[in-house]
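[1] coords please:
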Amino acid sequence: MRFQYSGAKRPSAAPATQSNHAPQPVHPAHAPLTPPPNLKFLLAQKEMKKRRYTACGGVVVRQDRVLVLLRPSRHEVRLPKGHVESGETCREAAAREVEEESGYAATAFLADLGEQVVEFDHEGCHYVRTERYFLMATGDPDAASPSPAEPQFEPAWLTWEEALDQLTYEAEREWVRRARRAGGRRPPREES
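    Down below sits the predicted model:
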């Protein structure tokens, strides 16, 4: 619905007089024009810069546990993901981001979990992020990560239920549900 204000005043209803009768409703043509409650939000969103990008990541599993990243500075629990760099495929970006953010290298891609679009506002910009995730496997979760994780993250291995309960964002919980349906509950063990 669009609202326009021409600047001309609408005629007001006839002045009320005292009587024992209930007040008469104001005819809609004479009612004051009131903008919708979210008009400021809609106008602000229209004025915001829009930025679109693609991010790829992984639901990394091993021995019935899911790799998550604790981000204490923001009180968040996240899945590993990040921007796709120039010349990189989504699979390459997902593998790189998992290793950079967690220190764990993916040893197998088990399934493509598809795409979803996430929109959010941050610091005066409206972001439209196309996310693509993969179900991935890695080595023993009890072993220390072979390379250091990014300093803002602390890798942790949670059960499926713990991951679904503790992940900060619904979009990431959806990726875990998709991974579980794709057969991530018990990934194949590597041969020694």
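[2] any low-confidence regions in this structure?
    Across the chain, the ranges flagged by pLDDT under 70 are 1-46, 140-146, 184-192.
[3] All the strands of it, residue numbers only.
    Ranges of strands in the chain, per DSSP state E, are 49-62, 65-71, 76-78, 81-83, 108-122, 125-137, 154-159.
[4] Nearest to R96, out of these?
    Across these, R96 has its closest neighbour in strand 81-83 (7.7 Å, CB to CB). For every residue, glycine as well, the C-beta is placed using N, CA and C.
[5] elements contacting that closest one?
    Where contact means 3 or more CB pairs under 8 Å, 6 or more residues apart in numbering; DSSP states H and E, strand 81-83 is packed against strand 49-62, helix 90-102.
[6] Starting from that strand, tell me which strands it pairs with and how they run.
    strand 49-62 (antiparallel) (DSSP bridges).
[7] Give me the buried stretch members for the partner strand, please.
    55-62 (16 or more other CB atoms under 10 Å).
[8] would you put the C-alpha positions of it in CSV?
    Output of strand 49-62 as CSV, limited to C-alpha atoms (Å, rounded to 0.1, in the frame of the first residue of the first chain):
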residue,chain,number,x,y,z
LYS,A,49,22.9,0.9,0.3
LYS,A,50,22.3,-2.7,-0.8
ARG,A,51,25.2,-5.1,-1.0
ARG,A,52,24.9,-8.6,-2.4
TYR,A,53,27.5,-11.4,-2.0
THR,A,54,27.9,-15.1,-1.8
ALA,A,55,29.2,-17.0,1.2
CYS,A,56,30.0,-20.7,1.4
GLY,A,57,30.6,-22.9,4.4
GLY,A,58,30.4,-26.3,5.9
VAL,A,59,28.5,-28.4,8.4
VAL,A,60,31.5,-30.4,9.4
VAL,A,61,30.9,-33.7,11.2
ARG,A,62,32.8,-36.5,12.8
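[9] quick one, that strand and strand 154-159 angle?
    60 degrees (axes from the mean of the first three to the mean of the last three CA atoms, to 10 degrees).
[10] how far off helix 90-102 does strand 49-62 point, in degrees?
    Using the same axes, to 10 degrees, strand 49-62 lies at 80 degrees relative to helix 90-102.
[11] and the angle for strand 49-62 with strand 65-71?
    Using the same axes, to 10 degrees: strand 49-62 against strand 65-71 is 140 degrees.
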